[in-house]
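> Sharing a sequence plus its predicted fold:
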Amino acid sequence: MRISTRNIYLDEARKWGDAEYMTNGLVLTDSIAHSLLMHGPVRMNFIVMGLCKRGEASYSVDTRQHKVTAGDLMFISEGHILDAYEPSPNYECLYIMVSTEFYHSFVMNVKNVSSLLLFSMNNPVVPLKPREIQVYTNYYQTIRRKMADIRHHFRTNLVKALLLAMFYDMSNVIWRVERNESSKTRKRADTLFTQFIGLLEENYLKERRVSWYAEQMGITPKYLSEMVKEVSKRTPNEWIDSYVLLEIRVMLKNTTKSIKEIATDINFPNQSFFGKFFKEHMGMSPTEYRKQ
């Protein structure tokens, strides 16, 4: 009998163990109940980062098996399927779970947004050094305390600032791991995906054709699509649209440019086409999004 995949959202995750929760898209917990994720595959509709403090846990992400032990940092990006979750009786993990919308609200540079996403796909489990473990733990504890201080007038902005500082501090882990891996041979699909994302970051404002990216890489659009889908479970077009949408959202929220000016900056043929594209993906007009 085929088991259907269930979607999990942050509203459910806030009930896991002794969780601290912010309504705009952030959950911290260090005690996930063992029975919550053991009833078939679930699609995670948020980003997960966790530091294993004790014990171990095995699980699969998109059918690929992983295991975390004490001192390991784990990543699961939004939209991926978690299954076969089996924690040891003494398993403890400091989880930070954040919606993509909330993540974009404090990490506003497209390249920085994608770097963690790309890193998590290639390195879903990373052993940390003792100092890195302490850095993550300190941030986790501080952020959790500030989340709990509901009387603080600037609580949301303070938490976002701490998360951004944590992102840059933990980016040193990304730099260390990627430097060590640069001399290793990667799978062909991983290499092509990394190359595609690099090209996309540099050109998404002016080039949105999959055929153009394939041509730059010296492969066919079909082969590019197959490799990108194999690694990321998303098509090149979905990646291109996600970068464009992120840029639009950042500009709508953080600039005073008119809708027409933004459409021109991002190389849409006209404002009408721009509005149609945005509403098709976001379910509202650019003006409505800006007013939120």
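Yep, that arrived.
> Every contact and neighbour count from this point should use C-alpha atoms.
Will do.
> List the buried residues in the longest helix seen in the chain.
In the chain, taking DSSP state H as the definition, the longest helix is helix 155-181. By neighbour count on 16 or more other Cα atoms under 10 Å, the buried set for helix 155-181 is 155, 159-160, 162-164, 166-167, 170-171, 173-174, 177.
> Mind putting the residues you listed into TSV with pLDDT and distance to residue 276?
Shown next, in TSV, are the buried residues of helix 155-181 (pLDDT from 0 to 100; distance: Cα to Cα, whole Å):
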residue	pLDDT	distance to residue 276
155	94	36
159	95	34
160	92	31
162	95	36
163	93	33
164	89	32
166	90	36
167	85	34
170	82	38
171	79	36
173	83	40
174	77	37
177	79	41
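> Let me know the closest of these to residue 18.
Residue 18 lies nearest to residue 159 out of the buried residues of helix 155-181, by Cα to Cα, at 18.6 Å.
> Could you pull up the residues touching the closest residue to that closest one other than its chain neighbours?
Leaving aside its chain neighbours, residue 159 sits nearest to residue 143 (6.1 Å; criterion: Cα to Cα, 6 or more residues apart in numbering). If you count contacts by Cα atoms under 8 Å, 6 or more residues apart in numbering, residue 143 has them with 159, 162, 163.
> Could you check which helix or strand contains residue 143?
Using DSSP states H and E, residue 143 maps to helix 130-148.
> give me every residue that touches residue 90.
Residue 90 is in contact with 54, 55, 56, counting by Cα under 8 Å, 6+ apart.
> what number of residues lie near the last one?
Residue 56 is flanked by 20 other residues according to other Cα atoms under 10 Å.
> what does residue 74 give?
The burial count for residue 74: 22, using other Cα under 10 Å.
> what does the host helix or strand of it contact?
Using DSSP H and E, residue 74 maps to strand 72-76. Residues outside strand 72-76 that contact it (Cα under 8 Å, 6+ apart) are 44, 47-52, 61, 68, 120-121, 123-128.
> Okay, and which of the residues you listed map to helices?
120, 121.
> Tell me the one of the buried residues of helix 155-181 nearest residue 272?
Taking these together and measuring to residue 272 by Cα to Cα, the closest member is residue 160, at 34.0 Å.
> surely the closest one meets residue 106?
Yes - contact criterion Cα atoms under 8 Å: residue 160 and residue 106 qualify, at 5.6 Å.
> For residue 265, give me phi and psi.
phi -60, psi -30 (degrees, to the nearest 10).
> mind checking how far the nearest residue to it once chain neighbours are set aside is from residue 274?
Leaving aside its sequence neighbours, residue 265 sits nearest to residue 205 (Cα to Cα, 6+ apart; 7.8 Å). Relative to residue 274, residue 205 is positioned 13 Å away (criterion: Cα to Cα, to the nearest Å).
> These two: who's more crowded?
Per other Cα under 10 Å, whichever of residue 205 and residue 274 has more neighbours is residue 274, with 21 against 16.
> pull the helix or strand with minimum mean pLDDT from the chain.
Using mean pLDDT, DSSP states H and E, the weakest-scoring helix or strand in the chain turns out to be helix 110-122, at a mean of 65.
> Verify the contact between residue 18 and residue 29 for me.
Yes - counting by Cα under 8 Å, residue 18 does reach residue 29; the two are 5.8 Å apart.
> quick one: which of the two has more around it?
For residue 18 and residue 29, the more surrounded residue by other Cα under 10 Å is residue 29, and the numbers stand at 23 against 13.
> what's the distance between the residue lying closest to residue 268 once chain neighbours are set aside and residue 238?
Spatial nearest neighbour of residue 268, excluding adjacent residues (Cα to Cα, 6+ apart): residue 274 at 5.8 Å. Per Cα to Cα, residue 274 is found 17 Å from residue 238.
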